[in-house]
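**Q** attaching a predicted model along with its sequence, questions to come.
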Amino acid sequence: MFDSLLSLLAFSTLTMAAFGLGRPLWRGLRLDEGDPLAAGVWSVGLGLVAAGLALVGLGLCGLLYVPLVGVLTTGAAFWGLGQLVQVRVRRSAELDERAGRSEPLLEREEPVDEADDRPEPGPAPWVLRGVLWAAGLAAAGSLAAALAPPTAGDALCYHLELPKQFLIRHRMVFLPYHDNSTFPLLAEMWYLWGLALQGGVCAQLVHWGLGLLLALGSVVLATPILGRPWARVVGGLVLLVPGVNNQMTAPLNDVALGAVTVLATAAWWRAAAGGEGRRWFLLAGVMAGAALGTKYVALLFVPALAVPWLWLAMRRPQRRRELLQGAAVVAVVAASVGGVWYVRAAWYRGNPVYPFFGELRVAVSLRETKPHLAERDGYVKETLPESKSPLGRSPLALLSAPWQVTMHPKLFGGRGHRLGILPLIALPGLVFCRRLRGLGVLLSVAGAYVVIWFLLRQNVRFLFPVVPLLAVAIAWVWAELRRFAPPARAVTAGTFAICVAAMALVGLRRAADAWAVVVGREDPETYLIRHDPTYPAAAMLNRLGGPGTHLLSQDYRAFHFQHPVTRESILRRETGYDRLIRSPGQLTNILKAAGFTHLLLAEVIAGGAPDNDPTLRRLVDAELAGPAGEKLWVVSRYEHHAPDGVVRRYRLIELR
């Protein structure tokens, strides 16, 4: 229980530090200050970008020391607290001044520059309260799960492992045997921040907080289109999306991408569609750069935004110059903020978007330097493999995509990332709705993005950036129910209510397995043994290993190991060590010469999950069966039964 409170305290300090860093930047842009919620959201968003870039700077200079990060964070947090107090004092003074002039003391629900054609009246009280309560329950469930020790596979592979390595080495190092080490890593720098302050749980809470930022950013996006009351419904709907709520429990990067993307879209809409000032283009550029620094998927949003941008320029010739200048501003600022990751990848890999769109260069290089690897089947990856496009790429498949993605999410990356059924049942209702100013622009962005997604990588979690845009459309359909006949209105409203309640229960259920460890009734180590199949091996090696310990692992999870870990599949791909072995006994000599002291063999024996390449297991078993078997000592052997029914067998082996 104390550990959970400590993690929450560290996360709160980090959030206040982000606010402290971003508030002066927001005020420096001299944009609208009339909406306290929007000002707070923009301040935190800008602060996170500034903090991420500052950590990148420290990493490039070799200054990633935990005490230094802690001191800087504490100073920024106190500064943010002072800024927050100042905001409250100023607002109280404004209210007192209005009261002295006999003006109403009620705070405005919406900023003064709201659109005049927003839907009136607002949602019924039971609708607004119901959605917000449901969203609160779902968020509480994901919070409890986020307070448990991190066990998500990709998080243990690189979202947390890379920041851990950067902190150990005090700099952003290039790891040649880690494919992800040259990916855009802005979100991972935020997780590094959490690791430096408290540990893996704080880093996990950062992604949970980014889920809240995604929901609040959706409110900011929807407010000038729907008005603040309906915008709150939009925020609640975004928080209830099962995939979003699920990812808030682990330090991944899809929700992080959605958070910065929705802020970029909100700023772009205010400048391009709303015509509210060119400074919004500058803010859109900052957030677009943050999106580019978070995940390669953000590149899909560039052409998606270009389509409505060009349409607006064609329809509004009097603003054409302003829109084209705004495009240039966004491009330059975004490249300045997010370009460091692409330059870094080009420097180390020769490809700014490694490993994508590089198969020809890799194939030529292999034929020249490693012909034995170039001949290996499957070594040169395809940029657009058919396995990543389960629908195919025909027009008919595109039309069936909404149904397939909703009803069969397992084919598109897993049920844990599903969008829920609400978009499928609500969006067709747009046919019966009146036209709403600004909504068409958002839907054109979403439509262009979905088409590009369909043509490239059909993974449902890559659709998170359009979730807020679809939520605005769903809220508009809900608002238009008042024009339906009473029976149809009752049936539709009841369907919406059932869907919202079901999504809330799904989110709340996520806490079922985490409550015991969160409140202290279960030991964190016991929890990790149940959920992380590599943790028993990590605990054993952490106790037995010394300064020179280096593990060669068939499993991709590495975060809980205190010693260096290299993935066997990448080592074999890069060196072809297995082709150098001509007789039993050579394996140990070759691996020891490469600096390895231990092996971790992993094998799926039940459950239907994909198995690891058996090459290393075959070589080890051959050596164990021969006279050179004494060079290999099996330190630990165990089986792990995952909650999804997958059974894996592990062997930790020491090289003698």
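**A** Looks like it came in fine.
**Q** show me where this structure has strands.
**A** In the chain, the strands defined using DSSP state E lie at 551-553, 565-567, 598-606, 632-641, 647-655.
**Q** and the first one, what does it pack onto?
**A** This means strand 551-553. Judged by 3 or more C-beta pairs under 8 Å, 6 or more residues apart in numbering; DSSP states H and E, strand 551-553 is in contact with strand 565-567, helix 568-575, strand 598-606. Every C-beta, even on glycine, is put in place using the N, C-alpha and C of the backbone.
**Q** low-scoring stretches of this structure, by residue?
**A** Filtered on pLDDT under 70, the chain yields the residue ranges 32-33, 94-120, 357-387.
**Q** which non-adjacent residue is nearest the residue most central in space within the chain?
**A** Note on the chain: the residue nearest the mean C-alpha position is Asn253, at 1.9 Å, using C-alpha atoms, centre = their mean. Excluding its sequence neighbours, the residue lying closest to Asn253 (C-beta to C-beta, 6 or more residues apart in numbering) is Ala187, at 4.3 Å.
**Q** can you tell me how far that neighbour is from Gly440?
**A** Distance, Ala187 to Gly440, by C-beta to C-beta, to the nearest Å: 31 Å.
**Q** same question, Thr223
**A** Thr223 is 17 Å from Gly440, by C-beta to C-beta.
**Q** for the two, indicate the residue with more neighbours.
**A** Thr223 (27 against 14; other C-beta atoms under 10 Å).
**Q** correct me, but the more buried one touches Ala231?
**A** Yes - using C-beta atoms under 8 Å, Thr223 makes contact with Ala231 at a distance of 4.3 Å.
**Q** so what's the residue lying closest to Arg415 once chain neighbours are set aside up against?
**A** Distances taken as C-beta to C-beta, 6+ apart place Pro409 nearest to Arg415, at 5.1 Å, with adjacent residues excluded. Residues near Pro409 by C-beta atoms under 8 Å, 6 or more residues apart in numbering: 415, 417-419, 460.
**Q** now do the end-to-end distance for stretch 26-39.
**A** End-to-end distance for stretch 26-39: 7 Å, by C-alpha to C-alpha, to the nearest Å.
**Q** mind listing what Pro217 touches?
**A** Quick fix: residue 217 is Gly, not Pro. Neighbour list for Gly217: 41, 45, 259, 262-263, 266, 468 [criterion: C-beta under 8 Å, 6+ apart].
**Q** swap the cut-off to 10 Å and go again
**A** The contact partners of Gly217, by C-beta atoms under 10 Å, 6 or more residues apart in numbering, come to 38, 41-42, 44-45, 210, 235, 238, 258-266, 287, 468.
**Q** okay, and which of those map to helices?
**A** Of those, the ones assigned to helices by DSSP state H are 38, 41-42, 44-45, 210, 235, 238, 258-266, 287, 468.
**Q** list buried residues within those residues.
**A** Neighbour-count burial (16 or more other C-beta atoms under 10 Å) applied to these gives 38, 41-42, 44-45, 210, 235, 238, 258-266, 287, 468.
**Q** what about Leu72, how many residues nearby?
**A** 18.
**Q** now it: how far from Gly289?
**A** Taking C-beta to C-beta, one finds Leu72 at 22 Å from Gly289.
**Q** swap in Arg579?
**A** According to C-beta to C-beta, Arg579 and Gly289 sit 44 Å apart.
**Q** now Leu300
**A** When Leu300 is compared with Gly289 (using C-beta to C-beta), they lie 15 Å apart.
**Q** who's more crowded, those two?
**A** Ranked by neighbour count (other C-beta under 10 Å), Leu300 and Gly289 place Gly289 first, with 27 against 23.
**Q** any figure for the gap between the nearest residue in space to that one that is not next to it in sequence and Tyr556?
**A** Distances taken as C-beta to C-beta, 6+ apart put Val337 closest to Gly289, at 2.6 Å, once the chain neighbours are dropped. From Val337 across to Tyr556, the span is 30 Å (C-beta to C-beta).
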